[in-house]
Structures are given as structure tokens and as C-alpha cells.
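In: Sequence and predicted structure below; questions after.
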Amino acid sequence: MLEVKDIRASYGRIEVLRGMTLRVPKSHVVAMLGGNGAGKSTTMKCIVGLVSIQSGSVELNGERIEHLPPHRRAQLGIAMSPQHRELFPEMTVKETLEISAISKKLTKSERVLLEDRILSHFPRLRERYEQQAGTLSGGEQQMLATARALMLQPSVLLLDEPTAGLAPVMAREVMAIIKELKAENLTIFIVEQNVRVALQVADYVYIGRQGAIVAEGEVSMFSDEDTVFRQYFGAA
């Protein structure tokens, strides 16, 4: 289980997180929703160690990890697919997946088996196996970023805005893949602005605003997306 407890973080003098608290139970999909400035991406960066926290704690399975560098947190089982994908455009799908698995110290046969299992969720990537990442569509790049994270065999997968900038058909395809991963009991934490797609996969929902959680509950509590927009996003 992943727990974030009362964390505060700033960019310079600008306080971005003001006591952020949430938990992601094992084998659950938890979504954090909110508009720009809610602190969604910063929360994820604090979890993986890309942004330092000023107070509070980050715990994985009861152990505090906020003092650990990013690579140690990855070794413990936390992997993130970042909002802007951050792929090396000149690298092929094959190369991207192979390099991601280096830290796992797998044998070649183990890596091939892992890669084959992950690509079973991403038939588009299998078709484009020798294609450079920079030539892929936005949706395919998102798939590759997610597949890259899965090559780390994470116990917790973090997805930062997985449908951002995607056409509706590609957003649906990406969310279908997340549903497949959910069916395999992978623990997933998603931050999203797209309320509709997040509510389709989440078990539990947090609503963030100005660096703190303002509402939370089982996904059934937020089934009316128009109400969510009016109450927490300021628009219908």
C-alpha cells in the first residue's frame, strides 16, 4: 500500500502542496482529479522523489521512503509514466523497453518473456517494435511510456495524465489497457483532469484543489460527472 501523509512542497517561494494526504491500497485503482494548480503532478513527483517534500511522509507498505533517492524508490516497486511521456525520440520501441529493464538485472530469456507479456496489452507497440518513439502517434507514445514503466515490474504504477492531449478514440484505448492491468490486480494511482475516463476505472477518488484534498470517496459517490465539475472544477 502507498500512503502520502500531510505532505507539503514548494517551488521556490510558491507553496504547491498544503498538507496533501491520500492512500492507494493494494490491488486498487485510485484516481486523483482536479484542475490546473490542484497539485496532482507535484504529488506524483513527490512520491517518486523528483520533488522534495518539506514535511509529512511518503510510505510504501508501512515503510517511510521520502528520504530515498528516485532510483531506490523504483527498486522498491514504484514506477511512473510521466505526463509528457519523456521518451527518447530516436530510440525504437524495442530499445526503450530493453533499457527500461536493465535495472532489473534479468537474463535475456527472462527479459524477453517479460516484454512479451507486457506487449500482449499493447498490440500497436508490437506492430511498431522497430519504429522510433518520435514517429509514434501521441496515443502510441503514451502506451510506450506505460509499457516502459511496466518493464520495471512495479508493485505500484503511477500514471500522470494518461489521456492528456489524446483524441477520444485513443483515450478510450489507453483506458481499456488500464482496465486490463486493473484486472490483473496491479495497484494503480492515476491523476487526471478527464473526469469521465477516470471514473470508468477508479475504485476510489480524491478531488484536489490548491494543493490539498477537498473531497474523497468510493467512485460511486462521484458517478455524476457534471456534479463533479460544478462542485470541484467550477464549471459544468
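Out: Now that the structure is in, tell me what you want to look at.

In: Now for the residue nearest to residue 195 when sequence neighbours are not counted, how many residues are close by?
Out: Counting by C-beta to C-beta, 6 or more residues apart in numbering, the nearest residue to residue 195 once its immediate chain neighbours are dropped is residue 225, at 4.6 Å. Bear in mind the C-beta positions are built from the backbone N, C-alpha and C, glycine included. The number of residues packed around residue 225, counting by other C-beta atoms under 10 Å, is 16.

In: residues in contact with residue 225?
Out: Under the criterion of C-beta atoms under 8 Å, 6 or more residues apart in numbering, the contact list for residue 225 reads 195-196, 199.

In: Quick check: it vs residue 219, distance?
Out: Between residue 225 and residue 219 the computed distance is 11 Å (C-beta to C-beta, to the nearest Å).

In: Verify the stated contact: residue 97 with residue 117.
Out: No: applying C-beta atoms under 8 Å, one finds residue 97 not in contact with residue 117, separated by 11.5 Å.

In: With neighbour numbers in mind, choose between these two.
Out: residue 97 (23 against 11).

In: Tell me how far stretch 164-183 lies from the chain's centre.
Out: Shown here is stretch 164-183, whose average C-alpha point lies 13 Å from the average C-alpha point of the whole chain (C-alpha atoms, centre = their mean, to the nearest Å).

In: Let's test this: mean pLDDT of it, rounded?
Out: Averaging pLDDT along stretch 164-183 gives 87.

In: partner residues bridging the residue positioned nearest the centre of the chain?
Out: Per C-alpha atoms, centre = their mean, the C-alpha nearest to the average position across the chain is that of residue 159, at 1.4 Å. In this entry, residue 159 is beta-bridged to residue 81, residue 190, by DSSP bridges.

In: Nice, that's everything, thank you.
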